[in-house]
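Novice: Got a predicted model here, sequence first, then my questions.
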Amino acid sequence: MKYITTVDGKEYQIEVVDEKHVRVGDRLLEVDFESVNGQPVFSVILDGKSYESFISESDEGWQVLMRGKQYQITVEDEREKRLRAAAGGGVAEGGEFNLKAPMPGLVVAIPVAEGQEIKKGQVLIILESMKMQNELKSPKDGIVERIRVKAGESVEQKQALLSVK
């Protein structure tokens with residue numbers, strides 16, 4: 001099955017060849033992907049290189065935190081993409097976006113303030129988890145509507161941190 005995967009606004013064609021192989025564009029990659037103890041933590045071996053990632057579902061698709069960087073990801077099969085295109089649908093830039101914690105952790109810093117105008121990709125919160133600091137970024141331009149946490153506060157996975165309108 002082929003999928004269209006959008007990572008931070010850039011599209012990739014991905015085909016699941018079998019349980020151990022995927023094709024990204026023209027590249028065939030060997031993969032091993034396992035959940036760690038039923039948690040949202042995954043061990044990923046990609047062409048012999050090992051990675052650990054945190055994956056959580058968000059209102060807009062998926063949030064993947066890997067190597068200290070957070071990615072906003074959407075995945076559609078070819079049929080869904082065609083149907084959405086025919087209906088004139090696209091990624092909604094309007095409306096409110098709620099940033100949720102992709103994993104439990106400690107809020108280290110909040111480099112934005114309520115009412116501040118922000119740009120897509122701007123760091124909204126720095127969250128420390130498993131001794132790594134992770135920058136949680138905005139998936140769109142907007143205004144910080146409400147900050148629900150404070151620096152130094154511990155948060156749970158999927159806890160609402162702030163909203164952008």
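Specialist: Looks like it arrived, so ask away. Residues are numbered from 1 along each chain as shown.
Novice: Just name the shakiest helix or strand of the chain by mean pLDDT.
Specialist: The weakest-scoring helix or strand in the chain, judged by mean pLDDT, DSSP states H and E, is helix 78-86 (a mean of 60).
Novice: Return the list of helices and strands in contact with the helix or strand following that helix.
Specialist: Where DSSP states H and E defines the elements, the next helix or strand beyond helix 78-86 is strand 97-100. If you count contacts as 3 or more CB pairs under 8 Å, 6 or more residues apart in numbering; DSSP states H and E, strand 97-100 packs onto strand 160-164. Placement of C-beta: from N, CA and C, glycine included.
Novice: what's the strand it packs on in contact with?
Specialist: With contacts defined as CB atoms under 8 Å, 6 or more residues apart in numbering, strand 160-164 is touched by 96-101, 107, 110, 112, 118, 124-125, 127, 136, 138, 140, 142-149, 155.
Novice: can you check stretch 124-142 too?
Specialist: With CB under 8 Å, 6+ apart, stretch 124-142 has contacts from 8, 54, 60, 65, 68-70, 72, 93, 97, 99, 101-112, 117-123, 144, 149, 155, 161-162, 164-165.
Novice: Just the endpoints, please. Distance across it?
Specialist: End-to-end span of stretch 124-142 (CA to CA, to the nearest Å): 12 Å.
Novice: do stretch 52-65 as well
Specialist: Start-to-end span of stretch 52-65 (CA to CA) is 9 Å.
Novice: Over to stretch 147-165?
Specialist: End-to-end for stretch 147-165, by CA to CA: 12 Å.
Novice: residues of that stretch that come out buried?
Specialist: Using 16 or more other CB atoms under 10 Å as the test for burial, stretch 147-165 gives 147, 149, 155, 161-164.
Novice: pLDDT value on Ser154, please?
Specialist: Ser154 carries a pLDDT value of 94.
Novice: One more: Gly94?
Specialist: Value for Gly94, per-residue pLDDT: 59.
Novice: tell me the contacts of the most centrally placed residue in the chain?
Specialist: Centroid check for the chain by CA atoms, centre = their mean gives Gln63 as the closest residue, at 2.0 Å. Gln63 makes contact with 55-57, 70-73, 100, 102 under the criterion CB under 8 Å, 6+ apart.
Novice: 6 Å instead, please
Specialist: By CB atoms under 6 Å, 6 or more residues apart in numbering, the contact set of Gln63 is 56, 102.
Novice: can you confirm it is in a strand?
Specialist: Yes: applying DSSP: H, G, I helix; E, B strand; the rest coil, one finds Gln63 inside a strand.
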